[in-house]
Each structure stands twice: as structure tokens, then as C-alpha cells.
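Peer 1: No sequence on hand, only this structure:
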């Protein structure tokens, strides 16, 4: 185990990796001996831990920088900064690329300060990995380094009409028309349609493309380009896992596909170079005046989309292993090995990882849920029934039931297994008895029911039902949620004691890269993970009854929104393009006419 540099004296304490280390029973020392020992320690007052590997974890709601011991996988220090989401119009969701980049710099600086306070030598950091929110799309100017528009977040729905138009042009209106190449349905979720929107609607983007200044990327590309020099020689690249989420990437040839780019009318010259998930992409360049300036020259050598990183961090390297991550959304990945498996039940086929230039790509089936932790954020920010995300567990536990209330949080439509962008959120089963505690419980149940839906689809596609579910992500700290999940799935839920598996996966990929080689991914060298296990505590009949009611609620949420506007003869949108609004206005007019008639009769 790592050794801590402890202050000399009876009962002195030291700290390493966030753990207090107690030195007890030290013998009393003479003044001369103390002076001698202090002199020897002053010459080497840094903790010797062996090679360290860092990870940038840039998610939808926050950015983190974490440092791990490459030999023990122990998390030594980290820092986190929240990211502001912007909602300029209904269904739109954006983030500021410069704020995201600044949050990375801040996290690196604060973490390096914490390491110095722990007496850990920053120069022992040998590599840095990047993991990121996938699909989120941005374009920047390679000459100025400035973003040309805000990043369009993966949850954004502004492209729904584009998607419907694309689907209408396919044979048989088939949303899976491109799936044989991409593994994905045509959906607002993926980058190609967001990129198409930017090209169609932002003049600065169009001009930059015409003049050869535009660079497209997902968040990983933006960060790697910026951190390796930006406009002064930054590396424009992405990895196979992020590329496989764009709808422009052929998951069989492992490269951008000219036919797909032609289909979406995307110029290929703006795309980043596709690399493996574990190789040296470039070297860090940071201002030398900062504490984190000592990271300059360290290779960025790992890159994985967040869900692939969690799969690696959970050490799901074998065909058939799976994990579920509970973050802003919820993502269940099932390793299918070197063979891509096409789903017949609404799941995605995606690249799991490619851990080296000469290593084979491994694939995964993925069930994607748009809204998981985001529903808790909604209860806090929009309804105000909790003041912090942590409060929801306590509030829901007060009642221990939803009392027949069901919550389908289809704020961005429904993802797997439905892929129905017209769905919208619904809360049903309300009575006068329903209170905020029941609503909180229903919100947690909604996360579990959505996981049950994608797990059922995965079991059907694989033919081998999972006997337990490995979990990770921020929401797994909610013990009530984990128990609910075991109850609704009727299988055990296994949570690792170290929850930062996404960042760990990126660090593992970076440390294992050729030219770094400080982290072995050989099965016999992998550190055993301690975990907590949640067993089902209700009978299967009750679980099935609740799940059937949930499915009924889902049907009520379907086909709620239409993006095809009804126009009048002049081409202007009619108020009756919304049926509910039309009925409301017509009903109001009838009531007004009736009221006027009645009042006239009484005169």
C-alpha cells in the first residue's frame, strides 16, 4: 500500500488518498533525535506513490479532474465544478464551450493544489485521460480558437422536425434506415442532425466552413484540441467511441463514411481524425504560472465517451458483462465482444472501446434513457419540492410508496426502447391523498422502471438474461434507489465501493497506452473491486404489477407533440396546429357566445 509521510511524534496523523492514517504508540524522542529526523525528512518531504494517472471527466452537469494511483487504482484527490445549462427555447439545451474549457482548467488547478497540500508530487502524473458527455456538438474557428456557437447538448430537441423529414424520405419511413452502418436510429440524440442544424441556421458557421476555418467536434475533441495548444498546433482528433455516436461513422470500417456524410450533407474536411481509445494524442500545454502548469508535457493518452469509460472502469472486458450508469440520463451497456450485434428490440449498437492502435474494437449493445438524475434536478429547480438532490431519498423514504402515482419523465421524448421523440412527460394516478413525498418516490421509481425496460430488451437481444446488474454513477449514492432497482428488476444490484468508475476507465486507458504503459489491463493485474450488494426484497408478483402500471402510463405519454405545423392559406402557422389549444379556443368561444345569449335572454 502507499506510504504516508507522517509527522513525527506520538499519535501524529497523516493523510493520503483522502484516508486518515493514524500513527499510534510512537516512542518518545529526544530533542536531538527529533532534529535529526526532521532534517532527513526535509530532504524528501513528498509521498512516494509510484506512477499516477489523471482523468478529465466532463459531464452534462459538471466537470471533474481526478488523480489515481496506477498500481492500486486508489483515488487520491479530485475537484468538481458545476456547469450551467442554457435553455434559450422550449426543447433547446446548450452549454458554453468556453465555460466548459475554463471548468477543466479550474479543476486541474484546484486538484494540483490539493495534491501539494497532501505532499504528493505532481510530477508523478504520467498520463491524462479524457471522458466526456457524448453526442454534444460544437463547431469552432481553428484560426481564432473561438467557438462559433454554443455546444448543442445531447438532450436538445430542436432537430425534431429535421429528423421527421429525414425519416419521411426513407423507404417505408424507416427510422432504422442507417442502422446497418451506424448501429443507430435516426434521432435528435446524435450529432449529425445537430451539426446539420448549425450549418443551416448559423451564418458564422457557414462562413467558417466556406473559408476552411471550421472544426467540428464532440466535447472530447474540443478539450483535446484546446489542451494540446489550440490555435497554436492543437490536435484535432476523437476516439472511436465518441465517433460512433455521430451517425457519420461506420462502425464496421471504423472510419467516417462518405455516404453517411453525403446523406447529411456534412463536409468531411471539418471532421476530426478518428483514433483508438488508448494512444498518445498530444502533450499538455498549460500556463507555467499556474500550479497545474507542471502538467505541461504530460501526454493525453486516453479518450472514451463517458459510458464506454464506465464499462472499462467497471472492468467489463468479457463478452456478456454489463453495467448501468445513473447520471443525467441512464445508460446500460452490454459487452458483445468483437462482433457488433444488431438489436431487434430498440437498443443501439455502439463501439465499447478500442484500447490501442493495433488492438481490435469491441462492441456493445446500449440502452439509453434520456432522463434519470435530470428528473431529480427538475423536482429541485422547477417544482422546488427539494432544496438539494440529496434530499429526495429522505423525502421518498417518508412514505415508502408512490401510492399509485406514476411519473414518466419524457422531457426529451423517449429514448430506448421506443425512440419516440413526440412523447412528453406525464404524471398520472394522482388523488387528493398524493403529496410531494409520493411524487419523489414516483420519480425514483421512474428511473428504475426505465432501466427495467432496457434490461428486458437487452435480455431478449442477447438471449442470456443478466443474473445481476453492476451499477455506477452519481445516483448510486441513493440507497433507496438502489433497493428499488433490485426490487423492480428482481435481480441483485451490485455497486462498487469506489463510485468514480467513469473517470477510472479514462485513467486506465491513458495509463495503458503505448509509450506510457504504467497501468496494466491484463486480467491478472486488475485490482479487485469491493462492492455493496442489494438483493430484491419484494415478491415478483408485486414487481410485475407495478411495472405493468408503469407501461400503461408510458402509453399515455406517447404521440403528445407534433412538429408538423398546420398553416393557413398565406403559409402562416395556424393556432389550430395544436389540437389541445384548438379545442380550448373553440370551447372558449362557444362558452362566450352561450354566455352572451343567456345574458341577452335575461334582459
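Peer 2: Arrived safely, thanks for sending. It should be emphasised that the depicted structure is a prediction, and the values quoted were computed from it without experimental measurement.
Peer 1: Quick check: nearest residue in space to residue 86, chain neighbours excluded?
Peer 2: Using Cβ to Cβ, 6 or more residues apart in numbering and skipping the chain neighbours, the partner closest in space to residue 86 is residue 94 (4.5 Å). Just so you know, the C-beta spots here come from the backbone N, C-alpha and C atoms, and that holds for glycine as well.
Peer 1: What are the phi and psi values at that neighbour?
Peer 2: Backbone geometry at residue 94, expressed as degrees, to the nearest 10, gives phi -130, psi 160.
Peer 1: Roughly how far does it sit from residue 377?
Peer 2: Residue 94 sits 16 Å away from residue 377, taking Cβ to Cβ, to the nearest Å as the criterion.
Peer 1: In terms of neighbours, single out the busier of these two.
Peer 2: residue 94 (20 against 15; other Cβ atoms under 10 Å).
Peer 1: Does that one touch residue 83 like I think?
Peer 2: No. In this structure, residue 94 is not within contact of residue 83 by Cβ atoms under 8 Å, at 11.1 Å.
Peer 1: low pLDDT regions in the stretch 451-600 of the chain?
Peer 2: Scanning the stretch 451-600 of the chain with the threshold set as pLDDT under 70 gives 528, 562-600.
Peer 1: Could you do the stretch 1-150 of the chain as well?
Peer 2: For the stretch 1-150 of the chain (pLDDT under 70), the answer is 1-48.
Peer 1: swap the cut-off to 80 and go again
Peer 2: Residue ranges of the stretch 1-150 of the chain with pLDDT under 80: 1-50.
Peer 1: That one: strands as residue ranges?
Peer 2: Assigned by DSSP state E, counting those that start in this stretch, the stretch 1-150 of the chain shows strands spanning 13-16, 19-22, 52-58, 62-69, 75-82, 94-95, 125-132, 137-141.
Peer 1: Quick one: closest of those to residue 321.
Peer 2: When the strands of the stretch 1-150 of the chain are compared by Cβ to Cβ, strand 125-132 sits nearest residue 321, at 18.9 Å.
Peer 1: Could you list every helix and strand in contact with the closest one?
Peer 2: For strand 125-132, the packing partners by 3 or more Cβ pairs under 8 Å, 6 or more residues apart in numbering; DSSP states H and E come out as strand 52-58, helix 219-227, strand 299-305, helix 306-313, helix 501-511.
Peer 1: Enumerate the positions of the following helix or strand past the fourth one that are buried.
Peer 2: Same thing as helix 306-313. Using DSSP states H and E, the helix or strand that follows helix 306-313 in sequence is strand 322-326. Buried residues in strand 322-326, defined by neighbour count with 16 or more other Cβ atoms under 10 Å: 322-326.
Peer 1: What is the most widely separated pair among those residues?
Peer 2: Top of the distance list for the buried residues of strand 322-326 (Cβ to Cβ): 322 and 326, 14.0 Å.
Peer 1: Who does the residue nearest to residue 86 form a beta bridge with?
Peer 2: residue 86, residue 152 (DSSP bridges).
Peer 1: That one and residue 457: what is the separation?
Peer 2: 31 Å.
Peer 1: Quick one: neighbours of residue 138, just the number.
Peer 2: 27.
Peer 1: how about the nearest residue to it, chain neighbours excluded?
Peer 2: Closest to residue 138 by Cβ to Cβ, 6+ apart is residue 151, at 4.2 Å.
Peer 1: Report the separation between the residue minimising distance to the centre of the chain and residue 550.
Peer 2: With distances taken as Cα atoms, centre = their mean, the residue of the chain nearest its centroid is residue 133 (4.5 Å). Here residue 133 is placed at a distance of 27 Å from residue 550 (Cβ to Cβ).
Peer 1: Same check on residue 329?
Peer 2: For residue 329, the distance to residue 550 - Cβ to Cβ - is 18 Å.
Peer 1: who's more crowded, these two?
Peer 2: residue 329 (25 against 22).
Peer 1: what's near enough to touch the more buried one?
Peer 2: 60, 155, 368-374, 415 (Cβ atoms under 8 Å, 6 or more residues apart in numbering).
Peer 1: Filter the residues you listed down to the ones in helices?
Peer 2: 373-374 (DSSP state H).
Peer 1: Out of the contacts of residue 329, who's the most crowded?
Peer 2: When the contacts of residue 329 are compared by neighbour count (other Cβ under 10 Å), residue 415 ends up highest, at 29 neighbours.
Peer 1: need the contact list for that residue.
Peer 2: Residues near residue 415 by Cβ under 8 Å, 6+ apart: 187, 189, 329, 368-370.
Peer 1: hmm, 10 Å instead?
Peer 2: Residue 415 is in contact with 155, 185, 187-189, 329-331, 346, 348, 366-371, 421, 423, 450, 454, counting by Cβ atoms under 10 Å, 6 or more residues apart in numbering.
Peer 1: and the closest residue to residue 303 other than its chain neighbours, bridged to which residues?
Peer 2: Counting by Cβ to Cβ, 6+ apart, residue 239 is the residue found nearest to residue 303 once chain neighbours are left out, at 4.0 Å. With DSSP bridges as the criterion, residue 239 is bridged to residue 275.
Peer 1: What distance do you get for residue 540 to residue 450?
Peer 2: 19 Å.
Peer 1: so what's the residue nearest to residue 308 when sequence neighbours are not counted up against?
Peer 2: In this structure, residue 308 finds its nearest non-sequential neighbour in residue 241, 4.1 Å apart by Cβ to Cβ, 6+ apart. Taking Cβ under 10 Å, 6+ apart as the contact definition, residue 241 lies against 131-132, 134, 220, 276-277, 303-309, 311-312, 350-354, 361, 364, 509.
Peer 1: List the buried residues in stretch 542-558.
Peer 2: 543, 546-547, 549-550, 553-554, 557-558.
Peer 1: meant to ask about stretch 248-260
Peer 2: So, applying 16+ other Cβ under 10 Å, buried residues of stretch 248-260: 248-251, 254, 256-257, 260.
Peer 1: again, but for stretch 215-230
Peer 2: By neighbour count with 16+ other Cβ under 10 Å, stretch 215-230 contains the buried residues 215-228, 230.
Peer 1: In the stretch 201-350 of the chain, where is pLDDT below threshold?
Peer 2: For the stretch 201-350 of the chain, the stretches flagged by pLDDT under 80 are 286-294.
Peer 1: list the contacts for the closest residue in space to residue 469 that isn't next to it in sequence?
Peer 2: Excluding its sequence neighbours, the residue lying closest to residue 469 (Cβ to Cβ, 6+ apart) is residue 493, at 5.2 Å. Applying Cβ under 10 Å, 6+ apart, we find residue 493 in contact with 324, 448, 451, 468-471, 476, 481-487, 531-536.
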